[in-house]
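Novice: fold the following, please.
(one chain, ligands or ions: 4)
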Amino acid sequence: MYRVKEAFYTLQGEGAQAGRAAVFCRFSKCNLWTGREKDRATAVCDFCDTDFVGTDGQNGGRFETAEALAEHVRRLWPENAGGAPYVVCTGGEPLLQLDELLIAAFHAAGFEVGVETNGTLPAPAGIDWLCVSPKADAAVVIAECDELKLVYPQPLAPPERFQDIRARHYFLSPMASPSAPEHGDDPVKMSNTRRATDYCLAHPRWRLTLQMHKIIGID
Ligand SMILES: C[S@@+](CC[C@H](N)C(=O)[O-])C[C@H]1O[C@@H](n2cnc3c(N)ncnc32)[C@H](O)[C@@H]1O
Ligand SMILES: Nc1nc2[nH]cc(C(=O)O)c2c(=O)[nH]1
Ligand code: SF4
Ligand SMILES: [Mg+2]
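Specialist: Ligands and ions are numbered 1, 2, ... in the order given. Sure, this is the predicted structure:
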């Protein structure tokens, strides 16, 4: 059984695949926060900007088989539109649920499979694009990925701690305020963007990435 909060067709807003059309499949549940506001202050990850509780979002639901979920995602991709169909598995923490069966079913449906993970759980084989985004002092168990995308600043997760994770790209993503309006003003994010910029200027191995979807007002 796979539990999905929501699924939607949009442009990837972050990282090296920014601008690419993708179906986002947001899995329910996370291992670093319950998703309830009353638990935020004591959570390992306390700045999450996402609602991943339950299965009641747009195109959310419970799927008995990998094939059923892959078919559900396939229906969200435009027909005969060309390009390489792309699904981004996110959450919540997708590696609590994503397994080799589901990856095979996505591939059989014609999709490349991207994953956004906090890096604390091992990744199944077959993922086409793996993005690891470390959180606070949670141990990262993934040694190699396509992109490391660190939310910045995090007092317990300075960039220097992750130099030994092998990645094709190293990104800093300015921390947005979890309570800021989804597509509105966020002074905290503005200040964090300046700090991330300064870090990238001083450490050119790191590149700046912005949450483009929030800037242009799409999902
Ligand atoms: C909601 S998480 C879900 C996937 C996975 N649990 C993870 O943390 O990578 C999706 C992406 O949003 C980022 N994110 C979450 N809260 C954020 C915030 N307040 N500001 C900027 N990025 C944030 C995460 O770091 C991650 O790259
Ligand atoms: N457009 C868009 N791009 C994204 N990249 C990562 C996201 C996520 O929540 O995992 C996300 C998201 O929620 N929307
Ligand atoms: S690990 Fe990801 S989904 Fe979980 S609370 Fe943090 S940002 Fe949100
Ligand atoms: Mg998001």
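Novice: so where's this structure uncertain?
Specialist: Applying pLDDT under 70 to the chain picks out no residues at all.
Novice: got the residues of it near ligand 3?
Specialist: Within the chain, the positions adjacent to ligand 3 are 30, 32-33, 45, 48, 50, 52, 91-93, 118, 135 by Cβ under 6 Å from any ligand atom. For every residue, glycine as well, the C-beta is placed using N, CA and C.
Novice: for the residue of the chain most remote from its centre, which three-state class applies?
Specialist: Ranked by distance from the centre of the chain (Cα atoms, centre = their mean), the top residue is Asn80, with 27.0 Å. Following DSSP: H, G, I helix; E, B strand; the rest coil, Asn80 is assigned to coil.
Novice: please apply the same query to Pro122.
Specialist: Following three-state DSSP, Pro122 is assigned to coil.
Novice: ligand 2 versus that one, what's the distance?
Specialist: Separation of Pro122 from ligand 2 (Cβ to the nearest ligand atom, to the nearest Å): 19 Å.
Novice: tell me the contacts of the closest residue to that residue other than its chain neighbours?
Specialist: Once flanking residues are discounted, Pro122 sits nearest to Val141: 5.9 Å by Cβ to Cβ, 6 or more residues apart in numbering. Taking Cβ atoms under 8 Å, 6 or more residues apart in numbering, we find Val141 in contact with 119-122.
Novice: give me the buried entries from these.
Specialist: Buried members of the contacts of Val141, counted by 16 or more other Cβ atoms under 10 Å: 119-121.
Novice: quick check, nearest of those residues to ligand 2?
Specialist: Using Cβ to the nearest ligand atom, Gly119 is the member of these that sits closest to ligand 2, with 13.6 Å.
Novice: would you confirm that Asp99 contacts Pro124?
Specialist: Yes - under the criterion of Cβ atoms under 8 Å, Asp99 makes contact with Pro124 at 5.5 Å.
Novice: who's more crowded, the two?
Specialist: Higher neighbour count among Asp99 and Pro124: Pro124, with 16 against 13, using other Cβ atoms under 10 Å.
Novice: my read: the more buried one touches Gln97, true?
Specialist: No - with contact defined as Cβ under 8 Å, Pro124 does not count as touching Gln97 (10.3 Å).
Novice: what sits up against the lengthiest helix in the chain?
Specialist: Counting residues, the longest helix found in the chain (DSSP state H) is helix 187-202. For helix 187-202, the external contacting residues (Cβ under 8 Å, 6+ apart) are 152-153, 159, 172-177, 180, 206-208, 210.
Novice: in PyMOL, how would I select the buried members of those residues?
Specialist: Filtering the contacts of helix 187-202 down to the buried ones (16+ other Cβ under 10 Å) takes a single PyMOL command:
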select buried, resi 152+153+159+172+173+174+175+176+177+206+210
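Novice: dump the contacts of helix 187-202 into JSON lines; add distance to Ala109 as well.
Specialist: Below are the contacts of helix 187-202 laid out as JSON lines (distance: Cβ to Cβ, whole Å):
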{"residue": "Tyr152", "distance to Ala109": "35"}
{"residue": "Pro153", "distance to Ala109": "39"}
{"residue": "Pro159", "distance to Ala109": "37"}
{"residue": "Leu172", "distance to Ala109": "34"}
{"residue": "Ser173", "distance to Ala109": "29"}
{"residue": "Pro174", "distance to Ala109": "35"}
{"residue": "Met175", "distance to Ala109": "35"}
{"residue": "Ala176", "distance to Ala109": "32"}
{"residue": "Ser177", "distance to Ala109": "37"}
{"residue": "Ala180", "distance to Ala109": "36"}
{"residue": "Trp206", "distance to Ala109": "35"}
{"residue": "Arg207", "distance to Ala109": "32"}
{"residue": "Leu208", "distance to Ala109": "34"}
{"residue": "Leu210", "distance to Ala109": "31"}
